[in-house]
Structure formats: structure tokens, C-alpha cells
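Novice: quick one, what's the 3D model for this:
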Amino acid sequence: MPKSTLSSTEIATLWETCKEKTFILRLLEHLIPNANDEQAKKIMNDLHKNLEIYVEKIKTTFKNEGSICPQGFSSSDVNIKAKKLFDNGFDIMLLRAVKEMSMGLYTLNIGMSYRTDVINIYKDLTAITQACYHDCT
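Specialist: Presented below is the predicted three-dimensional model:
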């Protein structure tokens, strides 16, 4: 049986997820070099690596559908050489809050998904988010 096409809700949630994840990637690219705590750097670097994989999976899903991929946020949208904006510890507190929101969004997105590959993206992102949230806590 051929794979069904993406539903409108799957397109919408994947589109928003891609935009959100590219925003978080750019945020991390500013926070990581400015972090003084090695454990915080590790948490942020690990998340960055994981999110890059899933942004590519989402873009590949759109490409395989013959759909346009969201541009999202690129490296030209952040000045990683900008001075540190926040005190130590703020980076992890911010990341924890972002991951808290992500957990709720993934639950909603799974409920609006029908294709196994899309559901698996959100299941995997949920696991990554829960682990990162735990590490930040």
C-alpha cells in the first residue's frame, strides 16, 4: 500500500515545528559559545546535534512530498559574535522553559498526525525534549 500524502494538519504542524526548531538552533548557537559552565555547554550541544537531525528529517519529508520546505531561521539571523546577553544559569533556565513548552506541543502534534513517519518524528522529539528537560532541571 502506498504511503498516504501529508494531511493539512501534518503539513501545518511540521511547518511550525521546523520554524521553532531552527529558531532554537540559532538561539543555541549564541548561547553555547557564551556559556561558562561545561555541563550547560554539553546539554546545549547535545540538543543542537539532535535538533539538526530532526530539522533535516522534516525538510526531507516535505521534499519527498514535493512540497516547499519552510525556510526557518538561518545563521544569517543571529550574530554569534554578539556580547553575552545574560548571566550564568539563564541559558539553562531558558532552555528548560522552552523544552517545557515543546513537550506540550509535541503531544498536540501527535494527536493531529496520521502517518507513522510523522508520528515517529514527534515521538522522538518528545523523548529528546524530556531528556533535555531532565538534564536542565
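Novice: residue 47 touches residue 132, doesn't it?
Specialist: Yes: assessed by C-beta atoms under 8 Å, residue 47 is found in contact with residue 132 at 5.1 Å. All C-beta spots, glycine's among them, are computed from the backbone N, C-alpha and C.
Novice: list the buried residues for the host helix or strand of residue 11?
Specialist: Under the criterion of DSSP states H and E, residue 11 resides in helix 8-34. Under the neighbour-count criterion of 16 or more other C-beta atoms under 10 Å, helix 8-34 has 10-11, 13-15, 17-22, 24-32 buried.
Novice: stretch 93-100 too?
Specialist: So stretch 93-100, judged by 16+ other C-beta under 10 Å, has buried residues 95-96, 98-99.
Novice: so which pair among those residues is furthest apart in space?
Specialist: Across those, no pair lies farther apart than 96 and 98, at 7.4 Å, counting by C-beta to C-beta.
Novice: low-scoring stretches of the chain, by residue?
Specialist: 1-2 (pLDDT under 70).
Novice: any idea how far residue 119 is from residue 17?
Specialist: Applying C-beta to C-beta, to the nearest Å, one obtains 13 Å for the distance of residue 119 from residue 17.
Novice: scratch that, residue 115
Specialist: In terms of C-beta to C-beta, residue 115 sits 14 Å off from residue 17.
Novice: what do you get for residue 94?
Specialist: Counting by C-beta to C-beta - residue 94 and residue 17 are separated by 19 Å.
Novice: okay, now residue 73: neighbour count?
Specialist: 19 (other C-beta atoms under 10 Å).
Novice: I'd say it and residue 23 touch.
Specialist: Yes: judged on C-beta under 8 Å, residue 73 makes contact with residue 23 at a distance of 4.9 Å.
Novice: which element follows the helix holding residue 11 toward the C-terminus?
Specialist: Criterion used, DSSP H and E; the element after helix 8-34 is helix 38-65.
Novice: overlap in contacts, residue 47 and residue 132.
Specialist: residue 95 (C-beta atoms under 8 Å, 6 or more residues apart in numbering).
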